[in-house]
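Chemist: Here is my input; please provide its structure:
(chains A, B, C and D, ligands or ions: 5)
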Amino acid sequence: MGSLEKLMDIFENPQKEIDEWKKDGKKIVGHRCLYVPEEIIHAAGMLPYPTFGTPEPISKADSYFQPCACEFVRNIFDLSMDKKFDFLDTMVLCNTCDAVRHLYNMWDSYIDSVPCYMVNNPQKMYDESGIQFYLHELEKFKELMEDLSGTKITDDALKNSIELFDETRRLLKELNALRMRDIPAIAGSEFLRVSMASMLMPKEKANLLLKEIIDEVKDREIKDGDGPRIMLTGSVMDNPTLIELVEEMGGVVVADDFCTSTKYFWYETKPNSNPMEAIARFNLERSVCGHTHPVSNRYDYMNELIDDFNVDGIIYFNIKYCHPFVYESATIKKQLEEKAPVLILETDHSLSGLGQLKTRVQAFIEML
Amino acid sequence: MITAGVDVGSLTGKSLILKDNEILGWSIIPTGPDSSETAQETMDKTLKEAGVSFDDLDFIVSTGYGRVVVPFSNKNITEITCHAKGANWFFPSVRLILDMGGQDCKAIRCDENGKVTNFAMNDKCAAGAGRSMEIMSELLDTPLNDMGGFSLDIQKKLAPLSSTCVVFARTEVLGYLHEGTHKNDILAGACEALADRVYTLLKRVGIEGDFVISGGIAKNVGVVKRIEEKVGLKANICFEPQIVGALGAAVFAREILEKKAKKKKG
Amino acid sequence: MVTAGIDVGSLVTKVVLLNQDKIMSNEVLSTGVDIEGASRKAMDAALNKAGISLKDVESIVATGAGKKKVPFESGQATEVMCDTKGALHLYPSIGGIIDIGGENCRAIKCDADGNVVDFALNDKCASGTGIFLDAMAKALRVKPEEMGELSLQSTQDIEVTSMCAVFAESEVVSMIHRKMPKYDILKGIHKSIASRIFGLANRILLEGKIIVIGGIAKNVGLVSILKELMDSELVVPEEPDIVGALGAALLARERRA
Amino acid sequence: MTTKVTAPGKKNLETTLEISKAIRAYYAGVKLAKMEGKPVVWSYGLVPREIFHAAEAPVLYLEHLPLMIGAKQLSGHYMQIAEEEGFSRDVCAFHRCFLGCSVAKEREPYLDKFFVSPDLIVASNLPCMSETKSFLYSADYHDAPYYFLDAPINTWGKDVPEYAIDYFAGQLQGTIDFMAEKGIHVDWDRLKEAVRLSKKLVELWREIDVCRRAVPAPISSVDGLTAAYPLIQLPGTQLGVTLFERLLEELKGKVERKEGVLEDEKLRLMWFGVPPFYNMGLLNYGEKYGAVVVKSMVEYIAGGGYDPAILDPDQPLKSLAYKALIDIVNPTAENMLDFIVDAVNDFKVDGLVGVVKRSCGLLPGYMRLAKDTVYENTGVPTTIFDLDGLDIREYDDATSKANLDSFIEALLASKRR
Ligand SMILES: Nc1ncnc2c1ncn2[C@@H]1O[C@H](COP(=O)(O)OP(=O)(O)O)[C@@H](O)[C@H]1O
Ligand SMILES: Nc1ncnc2c1ncn2[C@@H]1O[C@H](COP(=O)(O)OP(=O)(O)O)[C@@H](O)[C@H]1O
Ligand code: SF4
Ligand code: SF4
Ligand code: SF4
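Modeler: Ligands and ions are numbered 1, 2, ... in the order given. Purely as a prediction, here's the structure:
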């Protein structure tokens, strides 16, 4: 089968990749944010694994989290209670939002099978004192990874990892660029799968596949690719259901701004003789997420997306109780509307009440 | 050219036939269990009334929450878009529409061509939709027609409903009745509660320009009056607010044909 | 010593007369709107059955949604308390209680000595309560008492998607007309309610031996689905709907002693 | 549409009335300053307020208006306005209320006495995200310059590493510079003095706290919440210290005379989460059972829960940084949980009432942890139910009281055994 199918398949059942990796005793470090320095994990010879949720309804977690923590976090916690993440050797979180802060508290207290660690990142970007603070935290994290893997992390190893991960980012960005065309070469729902799959698998392998995919699809034109061009943004999006719904309603999802796709690869690491500092600056001079300050950079980045992909309409997807984005949607709606009409969809992570969503989305697309 | 619109709502199925720009006929029937049958029935009824046969119909657009299951429609469009179009047909100056149906209420803003520019919809809770009014009418055995009128004729003072849930409101209402509270005062409470909820919707899309209320509840003067007071605008209501959606659909059908015709020429 | 417990629920009023800890008689009738009248009627009926009169009753504890409106009570107690007392009287050691009533649904957790250690009450939404089931029964033209049995004959799974009790009703109506078999629809309804109740029980992590009471506990269909959902032992007493009233009567005795 | 079931709380302290007066006087001062054309600051949360006092800057603290609005039962109205502005109901009720009030076309005259628009805004991400986010909107709306005070979250418990303190201290210096640009100048000696006074304040608070442990409880949390105002609003001022000295006097008197909220005290409860400011009477509700709410966690946010010894007037910024980073609501659970367990022991608490304010990103997250930790360490149970401390539209009297009744009854029952 073609490389595209291959990645799709990996997206559908990542377990194969996990077993493959584990079979000669190598370790896996889970995380839940693109601000977790994956390169350090990789440089220690371990697999950084982003944990995604499932559309299943919450059960056990509801007695631990009050229903007012975002459903995504409750879902992750639910899975960990059901031992779904026991293949991880440790879980790493970082300081992004109130919900994740509590996920850290909860995991730390209730999940014995997998230890949990918090990398304490500043939320203020472009701030030298912040970088200094962060470097201390990264050093601690580096030691932890060295202890966990039993391998010393050398500067060269770090440099290689940075180069490798940047390569992945470059390739994903190249593939993503094929959506700028009047008729995109790859559908939004396909792309999200590709992006998420390459996030969770070994980058060495991912990069090969991505190169092939770009060749495979670069002369393609997706069907019904001339409808209104939609950009999706908002809270985390870890399954393609909503994108597929938009496509089904005749929209063409040409751009998305999620930590499962564009946010992950839009920027690359800037060269720096000290790899740790390179990583620190990469994370603290990249204001793409709702929790970062100043927001102006994030707004610039979003405007860049809207222009580059010449977007007709923006769908802002809010998971209930997702504070960073629920606030943001209210704050930047006006600014976005100067660029294109905005539809704010507030629903839970499991997308309950799909019927109503359909009507909203279809009406929005008719409106364009 | 002759076009038709079919609006299969949660509670009623409506259809309407348009000859160029003139309404030939329309009908409203309660939505049966099977949406496609409902569509068929109301269509037949309307055809009879309009005195045309099904084959005379050049294009059919379906709308309403059952829009996808209408077997004979050439295209489906959401009720939001259709209500704006329909309202614009009746009142070209309209900029703000409130469609109050059985399942949900929608606040819609549109431009001079009846094109939607912004909209908001209520949540998955029956509180704040027409269905709750029906439950009230059963409880207080008052025909839907009279509820609004009665609710305006308050005897002592409005009896507020504290429970958001329509189902629980039942006990509250029975309690009121037992205490000898007058029917009208309870109805006033119910209408007030409904008006309150849709008011938030309207505010969310922004209140300005000429105002139209469509959908079945537009026939409930008690709710309408209270909404008018809140928004400070006179509400325009067409002779049959329930058909606005179907009309909009029929108008779209016509416009689609016209576009096609242009394409052929040019 | 003769004591009484009266549980004035939102839909049903229950009375239990107790001699020491033996039940003399009990009465169950619908509450209606006249709570005072209903409680009198229920009490009189119970007294007649027992062949005694009100003055023979030393102490009466009232509970349930309408407890404050009972004219002849000598004390009140919360439903949580009475449910627990009643259940513990019937079963010496229990892990918890689920009480599914007309408008209320409760989950109660007990420790080894029968202390209430935790409980959860349903919120302001009717989905997941008896009144919802009653509405469905009406829509399906079956008696509430029969719907449980019927649902057991179900052969295929149907999802009732609407969260809202009101919309679920219209959904069900259309299922009926689409000639779907009654018992499959019933199964679907029971599943949606059971999942709500399961969620409530989950909030306090009920475990061990769980007593299911309240009028809905008589609904075998619902209980069987609950059994599937929860991996713990569910027990339904003979007369689940009077357990609260029984608890009240026991409390009345305790408070006297 | 809630029918009138709410009631104000019962207060039985003289000094708390004085404190309320002092607070009103403070904000009247802010209004005056604005009229005189002085630049006014908006701030909230754990931004160390000593700095503002050291600069004699007029500051409108966000919590103030919502609390007044809540007490006046107008929260629903102003939240509605914020919701119409596009803020979802998930957004913190305090911020929704404040935003609504700040963008409202007209305000109650009573509130107008206190509302002033900002000339600059200082926001921190402690205790929660809401603040930085909602202030962003206000900064836009009033186009006021905005300083973001970034606090690392506390993953270290009590001994915070030097580099973290340095980072936050640096942020504080940044705040000071930011204010200087706007003509608000912090006098260094004043700042040291402020830290000294702040230390004194907390020392007094600790003595007050000891008095409050007495059985029967001399005051209930209704007084306690007002009493805590100086702690949050006036750290670093002589006024705060004076008020607390009086408070201490009065309490000592009560304790000596064995005056309690109730003569015959059966149960001692602790309130966890935001109390219903539109219905403080609910805190007295248990008293008919002989149950007193002796303490409320909210009284200890922003300064009440740490050892004053860490404050060193000669190192003002570091001290204030330290204070903020170990505050009980710096969202890793350790300090919070220690605090609650100690509180339960010291105050001989019989039960915890945990109320969940759905729109709060912070406190509900602790509920389950607190419940389990307290139960393991002390055997004291907790009840948890939904109750929005500010959004009166969400308030359901029947359910809230059913929960309290059931909980208190169960406590009494197990006590009898
Ligand atoms: N004559 C009437 N007077 C008052 N209310 C009415 C009347 N007829 C219908 N309604 C209200 O309108 C609702 C149905 O409106 P409709 O627009 O037909 O719903 P839908 O489009 O969802 O089928 C009913 O729930 C009822 O509350
Ligand atoms: N035999 C039965 N089978 C199924 N449901 C029943 C049966 N008897 C009563 N019910 C239901 O139980 C509910 C009343 O339960 P109960 O706990 O008595 O209510 P309350 O909340 O008034 O105490 C009603 O909804 C009724 O339909
Ligand atoms: S950013 Fe939003 S969705 Fe993601 S964890 Fe935080 S609250 Fe949840
Ligand atoms: S509250 Fe009542 S009306 Fe609303 S969803 Fe629940 S059952 Fe339906
Ligand atoms: S801690 Fe909770 S209540 Fe306080 S501001 Fe933050 S979100 Fe609001």
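Chemist: Sort out which residues of stretch A:325-337 are buried, please.
Modeler: A:325-332, A:336 (16 or more other Cβ atoms under 10 Å in any protein chain shown). For every residue, glycine as well, the C-beta is placed using N, CA and C.
Chemist: In helices, which of those appear?
Modeler: A:325-332, A:336 (DSSP state H).
Chemist: Specify which member of the residues you listed is nearest to D:Ala139.
Modeler: Taking Cβ to Cβ as the measure, A:Thr331 is the one of those closest to D:Ala139, at 9.6 Å.
Chemist: For that closest one, which non-adjacent residue is closest in space?
Modeler: Closest residue to A:Thr331 apart from its sequence neighbours, by Cβ to Cβ, 6 or more residues apart in numbering or on different chains: D:Tyr137 at 4.8 Å.
Chemist: Please see if stretch A:63-78 touches chain B.
Modeler: No. Stretch A:63-78 stays clear of chain B (Cβ under 8 Å from any Cβ of the partner chain), getting no nearer than 15.3 Å.
Chemist: ok, now which ones touch B:His178?
Modeler: B:His178 sits next to C:33-34 when contact means Cβ atoms under 8 Å, 6 or more residues apart in numbering or on different chains.
Chemist: mind redoing it with 6 Å?
Modeler: B:His178 makes contact with C:Val33 under the criterion Cβ atoms under 6 Å, 6 or more residues apart in numbering or on different chains.
Chemist: Which pLDDT does the model give it?
Modeler: Per-residue pLDDT puts B:His178 at 84.
Chemist: B:Gly266 now?
Modeler: With respect to pLDDT, B:Gly266 scores 64.
Chemist: mind listing what's buried in the helix or strand harbouring the residue nearest to A:Thr331?
Modeler: Secondary structure assigned from DSSP states H and E places D:Tyr137 in helix D:129-141. Neighbour counts using 16+ other Cβ under 10 Å place D:129-139 of helix D:129-141 among the buried residues.
Chemist: just those now: which is nearest ligand 2?
Modeler: D:Ser130 (38.8 Å; Cβ to the nearest ligand atom).
Chemist: residue contacts, the closest one?
Modeler: Going by Cβ under 6 Å, 6+ apart, D:Ser130 touches D:92, D:95, D:361.
Chemist: So the last one sits against A:Val100, correct?
Modeler: So that's D:Gly361. No. Using Cβ atoms under 6 Å, D:Gly361 makes no contact with A:Val100, being 10.6 Å away.
Chemist: These two: which is more packed in?
Modeler: Neighbour count, other Cβ atoms under 10 Å in any protein chain shown: between D:Gly361 and A:Val100, D:Gly361 has more, with 30 against 23.
Chemist: Would you tell me whether the helix or strand where D:Val293 lies gets close to ligand 5?
Modeler: Assigned by DSSP H and E, D:Val293 falls within strand D:291-296. No. Using Cβ under 6 Å from any ligand atom, we find that strand D:291-296 stays clear of ligand 5, coming within 13.8 Å at best.
Chemist: contacting residues around the residue in the stretch 201-350 of chain A that ligand 1 sits nearest to?
Modeler: Going by Cβ to the nearest ligand atom, ligand 1 is nearest to A:Met249 of the stretch 201-350 of chain A, at 20.6 Å. Counting by Cβ under 6 Å, 6+ apart, A:Met249 makes contact with A:361-362, A:365.
Chemist: Can you tell me the closest non-neighbouring residue to it?
Modeler: Spatially, and ignoring its direct neighbours in sequence, A:Met249 is nearest to A:Gln362 (4.6 Å; Cβ to Cβ, 6+ apart).
Chemist: is it fair to say that neighbour lies in a helix?
Modeler: Yes. Residue assignment for A:Gln362, taken from DSSP: H, G, I helix; E, B strand; the rest coil, places it within a helix.
Chemist: Now do the same for it: its pLDDT.
Modeler: According to the prediction, A:Gln362 has pLDDT 93.
Chemist: Ok, B:Ser163 next?
Modeler: B:Ser163 is assigned 76 on the pLDDT scale.
Chemist: you'd agree it is up against B:Ala169?
Modeler: Yes. Taking contacts as Cβ under 6 Å, B:Ser163 lies within contact range of B:Ala169: 5.2 Å.
Chemist: These two: who's more crowded?
Modeler: The neighbour count for B:Ser163 versus B:Ala169, taken as other Cβ under 10 Å, is higher for B:Ala169 (24 against 21).
Chemist: tell me which element that one falls in.
Modeler: Going by DSSP H and E, B:Ala169 is part of helix B:166-178.
Chemist: which residues touch the closest residue in space to C:His177 that isn't next to it in sequence?
Modeler: Leaving aside its chain neighbours, C:His177 sits nearest to B:Pro33 (2.4 Å; criterion: Cβ to Cβ, 6+ apart). Applying Cβ under 6 Å, 6+ apart to B:Pro33 gives the contacts C:174, C:177-178.
Chemist: Same question for A:Val236.
Modeler: Counted by Cβ under 6 Å, 6+ apart, A:Val236 has contacts A:72, A:259.
Chemist: ok so it is a strand residue?
Modeler: No. Under three-state DSSP, A:Val236 sits outside any strand and is assigned coil.
Chemist: Need phi/psi at it.
Modeler: Note on A:Val236: backbone dihedrals following degrees, to the nearest 10 are phi -60, psi 140.
Chemist: One more: C:Ala107?
Modeler: phi -120, psi 130.
Chemist: so it sits right up against C:Ile98, yeah?
Modeler: Yes. Using Cβ under 6 Å, C:Ala107 is in contact with C:Ile98, at 5.4 Å.
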